[in-house]
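Novice: pasting the structure only:
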Ligand code: ADP
């Protein structure tokens, strides 16, 4: 039976010449125009011998030889290489060995070449060239071909580069078959070169790649995209190739970006999770939120957050998953099981299989009837302390936990720790605040009660002192009169102190009310001046009131307004020497603001005292040095009352003994309109009703 020979060459003349000669010699001849075609034909129908050229497009003779020798179905087929490059010693003797060809015939004149080929085929038939080094024939007839040598050296350089490249490179032809895969491609795809080469690209990658090739062919542009390949994400850069302006397949560069992808997904999930953490400072709510986010993100069957007590014990604070109600509130001893170990060391643990882990305690599983296979446990810790641990049980896809899960959960736990610590601090702060407020209120209640109690007997003392001073119960000696005056003065001092304390304490216990009524500020000024005139007269002080005659009436708390004014005027009189000058002036600073100032030419205030005299018990140094009596509450009270009404108080003084001017402002609320029917009068806080409704009678 005639032998079948496959001839491979891109040169049609050689194909025809050698083919005819072998055919005439009785062989069945088939032909292929490059290595890829030859490989496909051989796979479909293995020939008895292959005669191939070395330098060919698409897949050259070297690659063909390599694929043949690696394919168990084809490795037995003998190969004869017909090549021009052999004359220059290219390929080298070592490469010739590697190609595993039986013989090399130098490309030259057709007749001489055909004779050599037939001779070798016959010798092969007779099994004369089976063992030993390859036969090389026809060398003496060929001239060196420098271009071929250069081309070959470039190609070898490229081959080396492609083989060393970290990225996977896959070349495909116009029929979308794989022509070449570099070693990185073989590693990435996890298949041998023989399994990949000459195979339709769609059967290697599925649909996305052929679709992209079509897009690239239509647009003529490079395609760049990502796609899933099994459990990995690959980035593809695809470039088209042309030969003599016709499309000739293309090259793909593939990069495994699974880890980058995974990181990105984790980062965005982490971002979402941690953003949720900052949404609340409510500690129990935050605990729950942390665990809900973690369980959802990490896709686990169950998860729990255990808080560390001062004793070192752990309590299940939040439990999510089946049978959670049984575990909720359970306690774990300081170093019991995985959670105990993590809490006491502050180190994380990832346990792919708990049955093989010595630290795993079956107690909780037994208690709640669960079955832990794989576990992940990380500490929730700040720089100073471990607040607790997060423990996750079994991934829902039943795969064991790995290092990537550990990294992600640790990152979440770090954020959770910060959020939980803030919430804890916030809770403590609230509690302390509440306690402080209670103490403060208690103190004020006490003060206000004490002042009330003191006032009653004081009024008695003052009354009796007045009776004695007025000599209604008999004459007094000059000395007795003097002592009586001292008693009266001191009692008055205590009464003022009690009154001021009572006023201030009322503020803090929230008892002060603001009673709005209509009054004329000018009238109040005059009333106060009448009240204080005797005191001024006693000291020979010129006391005057300068009110803008057109000051409008206003709505506000009359009692408080009077009190502020009285405090300032009595201070001015007190801190001004005999025969000084005190002036009270009121004017509209703008249509909505009344400004009242009390000016004196008394002892003045040092710059460093101007702030603190408004603090409780704050007194000016010169006032104390001059032994002018006082307790330092009058201005505090005046300031509070002014601010209560939405105004401001300030002081100016040119320095010691150069007088002071206290000014306070109050917003002028115009009086409510008076209705002719008389239903709503001054002092009634209800706003006027709309005109369509009858006014109440
Ligand atoms: P008291 O008058 O009982 O000391 P105040 O709170 O009314 O308390 O005043 C606080 C301090 O402010 C006074 O002790 C005094 O030093 C200073 N002061 C207040 N009014 C004047 C003023 N008109 N001239 C100088 N100093 C003043």
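Specialist: On my side now, so go ahead. Given the structure is predicted, the values throughout are model-derived calculations rather than measurements.

Novice: need the longest helix for this structure.
Specialist: helix 403-469 (DSSP state H).

Novice: avg pLDDT for that helix?
Specialist: Mean per-residue pLDDT for helix 403-469: 86.

Novice: quick thing: my sequence starts at 880, can you match it?
Specialist: Okay, using 880 as the starting number, the last item reads as helix 1282-1348.

Novice: so which elements touch the very next helix or strand once past it?
Specialist: Next along the chain after helix 1282-1348, taking DSSP states H and E as the criterion, comes helix 1357-1387. Where contact means 3 or more CB pairs under 8 Å, 6 or more residues apart in numbering; DSSP states H and E, helix 1357-1387 is packed against helix 1282-1348, helix 1513-1523. Just so you know, the C-beta spots here come from the backbone N, C-alpha and C atoms, and that holds for glycine as well.

Novice: in helix 1357-1387, what's buried?
Specialist: 1363, 1367, 1370, 1373-1385, 1387 (16 or more other CB atoms under 10 Å).

Novice: and if you look at stretch 1264-1284?
Specialist: Neighbour-count burial for stretch 1264-1284 [16+ other CB under 10 Å]: 1265-1274, 1279-1280, 1284.

Novice: ok, and which of those reach the ligand?
Specialist: Among these, proximity to the ligand is found for none (CB under 6 Å from any ligand atom).

Novice: mind listing which of those residues are in strands?
Specialist: 1265, 1266, 1267, 1268, 1269, 1270, 1271, 1272, 1273, 1274 (DSSP state E).

Novice: what about the closest residue to residue 1393 other than its chain neighbours, how many residues nearby?
Specialist: Distances taken as CB to CB, 6 or more residues apart in numbering place residue 1436 nearest to residue 1393, at 5.3 Å, with adjacent residues excluded. The tally of other residues near residue 1436 (other CB atoms under 10 Å) stands at 20.

Novice: what separates residue 1436 from the ligand, distance-wise?
Specialist: As judged by CB to the nearest ligand atom, to the nearest Å, residue 1436 and the ligand stand 20 Å apart.

Novice: now the end-to-end length of stretch 1126-1143.
Specialist: End-to-end distance for stretch 1126-1143: 37 Å, by CA to CA, to the nearest Å.

Novice: go through it and flag the buried ones.
Specialist: Quick answer for stretch 1126-1143 (16+ other CB under 10 Å): 1127, 1128, 1129, 1130, 1131, 1132, 1133, 1134, 1135, 1137, 1140.

Novice: list the contacts of the helix or strand that the fourth one is a member of.
Specialist: Read that as residue 1130. Here residue 1130 sits within strand 1125-1135, counting by DSSP H and E. Residues outside strand 1125-1135 that contact it (CB atoms under 8 Å, 6 or more residues apart in numbering) are 1046-1055, 1058, 1064, 1067, 1088, 1092, 1095-1096, 1111-1121.

Novice: cool, stretch 1035-1053 as well?
Specialist: 915, 937, 1057-1064, 1066-1068, 1075, 1080, 1092, 1120, 1125-1134.

Novice: and that stretch, how far out from the chain middle?
Specialist: 42 Å (CA atoms, centre = their mean, to the nearest Å).

Novice: tell me the mean pLDDT for it?
Specialist: 89.

Novice: that stretch: which residues count as buried?
Specialist: 1041, 1046, 1047, 1048, 1049, 1050, 1051, 1052, 1053.

Novice: among those residues, which lie within helices?
Specialist: residue 1041.

Novice: just the closest of the buried residues of stretch 1035-1053 to residue 956, please.
Specialist: For the buried residues of stretch 1035-1053, the residue nearest residue 956 by CB to CB is residue 1052; the value is 23.0 Å.

Novice: by mean pLDDT, point me to the weakest helix or strand of this structure.
Specialist: helix 972-978 (a mean of 67; mean pLDDT, DSSP states H and E).
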